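[1] test case, fold it:
(2 chains)
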There are 2 protein chains.
Amino acid sequence: MSLEHRKVKKQIQFRDEQGNALSGRKINVKQTKHSFLFGCGAFDFMPYVLGGDESFKPITDSWLDIFNYGTLPFYWGNFEPEEGKPHTEQLMKTAKYLKDKGVRVKGHPLCWHTVCADWLMKYDNDTILKKQLERIDREVTGFKGVIDMWDVINEVVIMPIFDKYDNAVTRICKDKGRVGLIKEVFERAHRNNPDAVLLLNDFDTSINYEILVDGCLNAGVPISAIGIQSHQHQGYWGREKVEEVLERFSSFGLPIHFTENTLISGELMPPHIVDLNDWQVDEWPSTPEGEERQAREVEEIYRILFDHPLVEAITSWDYRDGAWLKAPSGFLHKDGTKKPSYDILKKLIKEEWWTDTEVMTDEQGRAEVYAFKGDYSLSSGDIQAGVTLTDDDPVSVVLK
Amino acid sequence: MSLEHRKVKKQIQFRDEQGNALSGRKINVKQTKHSFLFGCGAFDFMPYVLGGDESFKPITDSWLDIFNYGTLPFYWGNFEPEEGKPHTEQLMKTAKYLKDKGVRVKGHPLCWHTVCADWLMKYDNDTILKKQLERIDREVTGFKGVIDMWDVINEVVIMPIFDKYDNAVTRICKDKGRVGLIKEVFERAHRNNPDAVLLLNDFDTSINYEILVDGCLNAGVPISAIGIQSHQHQGYWGREKVEEVLERFSSFGLPIHFTENTLISGELMPPHIVDLNDWQVDEWPSTPEGEERQAREVEEIYRILFDHPLVEAITSWDYRDGAWLKAPSGFLHKDGTKKPSYDILKKLIKEEWWTDTEVMTDEQGRAEVYAFKGDYSLSSGDIQAGVTLTDDDPVSVVLK
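    So this is what the prediction gives:
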């Protein structure tokens, strides 16, 4: 893996504040942030930010040590359990906290048939759709500038045929059809924030989802990136499937986000389970062998995904064991201690794919910087500049 | 089954040539043709029409006795085996023959990866697409007025992943994507004949095809009717599946055509066969028990389909046993004698769902006619009129 596409090769002209070329000087090139979005569920930030519970501090600190991108929960049923009383403030506070830490935040999701608001069901379908679109107006406009990335609609392949329980969103999806509903919600989100990154997201990686994306794009739906879930509670997909999925979905030429990745460090969920939510256990222990396996699998899948030119984000779902389905799915044990998967991922993100080097300028004060795309601190002695390096165009930098 | 949606209840004012109301007269109401399209593969007409081979006459006569709608083959590889030398004349002659007999003709198909022209493969993809679209121009324009109904593109769900052999159409479908290619070929066909009935046709009746249709409609593809294949060499779908397919595809509100129906009267093809073309046998005999079963199944599926308000055409694929795959799939034995399935279908189409009645006019010369939609001869004594009855609007008819 050359990872050329993840790097810049940039001619930089270094000067001091007086405009003098910094000739023959050693320049320290220290990366401060990745352009690539290394993400994780940021649900654990909420109790810390909202309650100031210091016991969460080590957890959020280690999170911030490797991730630059977090997903916050906007499940309608939890966000607005009573009509007209949304938890906007809690989410805003947490999102701003993350933003201040340099973390890009995504809201998940604006429309979904699961964890849907029950109070919607008393309305007729036209009213449900109207309220769904107004909900999108409220969140996308209200959080603009803090959250500019949304999983607009989730799991549409199954949405109109989902029959485990009645819910308002399945009703309107049956009415409008899949592409019809996607079109409505995306257009509404786009209108409210034309610069937002808007994702379609699904766990179905089959030809169904391919055809759905194809139809949406031909219907002019403003999809910014294709979201692919990869919850692997039933076992790691393996290199072949990961590459096959990438190949099929890259045919659209759109950025690909792995939005919900799970690899577990305990016993696997049996293969006969179709809806992962059906696997309800009292305990799901992490095991030493499982943790070694999880670390190997995390390393392999991150390497494959980071190597693929269209992938621009990977989000691991659970940060800590025992969250969704009580699975041993995190980078931390339940008690907050780090697992081998944490160490290997940190090694990849902050060492192997991280640039911390020095260059010498020539007589004209120029040097070539070969570095992973991202934010940098360039310094020489006691003068410094912060720059973002994302392309190969020559640039002039003043250190002061 | 009331079949109300297949009938008219029409107030008719009867007059003679002088404008006098025909009061208190008995009017014979004789149906001459169905509005519903009862179709069949019309491939057997070609040797008869082209070669005048009289041995085919009994076959074509019995075909014309029940069907008003026929499919003619436009497989590119057979239609134009050598580039620039299409078999236009043969097809035109046969199509015109059928048209003169009052038969509606459909061309099948304009774009398909199977039986594709091999000579296309020497061109690059842009050229292949150009030739595909020019082929559509040529056929749709050239046959306009004789053939105004086309299976525009066939089996797109599998098209870009079809890997049994290389072919030109799979190549361009990979390039353009499913919906992209469908859009191009439909727009081209529509532009050449804006009044033509244009079908998308597939054997895949799963959610894949549903999502494909959904995407196409939202992308503005001018699909006139949804074509559903139902080759049941591996056994009759049964009422439940037929109804389930109808329910799913009726959500689009478009007319539904069962385009390729097969029910066989011999041993069933084993269930492990995925591509029916893989079942190559020397002999596939029709059996007496099989023929009774086939007749029962034909009756049931035709009843279900005729009962559904959105279905407007049913085409049985093979007219005579021993055609595709040598299957005992016809209404006639190989020797041309009729099978029980022929008799039951004729009974449905020409007796049970056929109107041959009489009405008495009142003092003002009016009578109400309750009849299956179609063409009629209305007569009284030696005066007569031919009319088409398709709606309940009152009408005035002059017998002469």
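
[2] so what's the residue count around the nearest residue to A:Trp63 once chain neighbours are set aside?
    Counting by C-beta to C-beta, 6 or more residues apart in numbering or on different chains, A:Trp63 lies nearest to A:Tyr319, which is 5.8 Å off, once chain neighbours are set aside. From N, CA and C alone the C-beta is placed, and that goes for glycine too. Residues lying near A:Tyr319 (other C-beta atoms under 10 Å in any protein chain shown) number 23.

[3] A:Tyr319 and A:Phe56: what is the separation?
    The spacing between A:Tyr319 and A:Phe56, counted by C-beta to C-beta, to the nearest Å, is 11 Å.

[4] overlap of the contact sets of those two?
    Residues touching both A:Tyr319 and A:Phe56 by C-beta atoms under 8 Å, 6 or more residues apart in numbering or on different chains: A:Asp44.

[5] can you give me the strands for the stretch 51-200 of chain A?
    A:69-73, A:104-108, A:149-154, A:197-202 (DSSP state E, counting those that start in this stretch).

[6] and the third one, what does it pack onto?
    Counting by 3 or more C-beta pairs under 8 Å, 6 or more residues apart in numbering or on different chains; DSSP states H and E, the packing neighbours recorded for strand A:149-154 are strand A:104-108, helix A:125-142, helix A:178-192, strand A:197-202.

[7] in the third one, what counts as buried?
    Spelled out, that is helix A:178-192. By neighbour count on 16 or more other C-beta atoms under 10 Å in any protein chain shown, the buried set for helix A:178-192 is A:178-179, A:181-190, A:192.

[8] could you single out the nearest of the residues you listed to chain B?
    Taking C-beta to the nearest C-beta as the measure, chain B lies nearest A:Val179 of the buried residues of helix A:178-192, at 4.1 Å.

[9] show me the contacts for the residue nearest to A:Lys7 when sequence neighbours are not counted.
    Nearest residue to A:Lys7, sequence neighbours excluded (C-beta to C-beta, 6+ apart): A:Phe372, at 5.6 Å. For A:Phe372, the contact set (C-beta under 8 Å, 6+ apart) comprises A:3, A:6-8, A:31, A:34-36, A:353-355.

[10] so which strand or helix has A:Glu260?
    Per DSSP states H and E: A:Glu260 is located in strand A:256-263.

[11] from the chain's centroid, how far away is that strand?
    8 Å (C-alpha atoms, centre = their mean, to the nearest Å).

[12] about what we covered before: how near is the residue nearest to A:Lys7 to A:His34?
    7 Å.

[13] what touches both of those two?
    A:353-354.

[14] need the contacts of A:Phe372 in JSON lines with pLDDT and neighbour count, can you?
    Formatted as JSON lines, the contacts of A:Phe372 follow (pLDDT from 0 to 100; neighbours: other C-beta atoms under 10 Å in any protein chain shown):
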{"residue": "A:Leu3", "pLDDT": "94", "neighbour count": "13"}
{"residue": "A:Arg6", "pLDDT": "98", "neighbour count": "18"}
{"residue": "A:Lys7", "pLDDT": "98", "neighbour count": "18"}
{"residue": "A:Val8", "pLDDT": "97", "neighbour count": "23"}
{"residue": "A:Gln31", "pLDDT": "98", "neighbour count": "20"}
{"residue": "A:His34", "pLDDT": "98", "neighbour count": "22"}
{"residue": "A:Ser35", "pLDDT": "98", "neighbour count": "16"}
{"residue": "A:Phe36", "pLDDT": "98", "neighbour count": "20"}
{"residue": "A:Trp353", "pLDDT": "98", "neighbour count": "21"}
{"residue": "A:Trp354", "pLDDT": "98", "neighbour count": "19"}
{"residue": "A:Thr355", "pLDDT": "98", "neighbour count": "18"}
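
[15] tell me the bridge partners for the closest residue to A:Leu254 other than its chain neighbours.
    Leaving aside its chain neighbours, A:Leu254 sits nearest to A:Ile226 (5.3 Å; criterion: C-beta to C-beta, 6+ apart). For A:Ile226, the beta-bridge partners are A:Leu200, A:Ile256 (DSSP bridges).

[16] show me the contacts for A:Ile226.
    Here A:Ile226 is in contact with A:199-200, A:213, A:249, A:252, A:254-257 (C-beta under 8 Å, 6+ apart).

[17] secondary structure class for A:Gly386?
    When classified by DSSP: H, G, I helix; E, B strand; the rest coil, A:Gly386 comes out as strand.

[18] okay, it and B:Thr337: tell me how far apart.
    90 Å.

[19] then A:Asp53?
    For A:Asp53 relative to B:Thr337 (C-beta to C-beta), the value is 87 Å.

[20] quick one, helices of the stretch 1-150 of chain A?
    A:45-51, A:57-66, A:76-79, A:88-100, A:125-142 (DSSP state H, counting those that start in this stretch).
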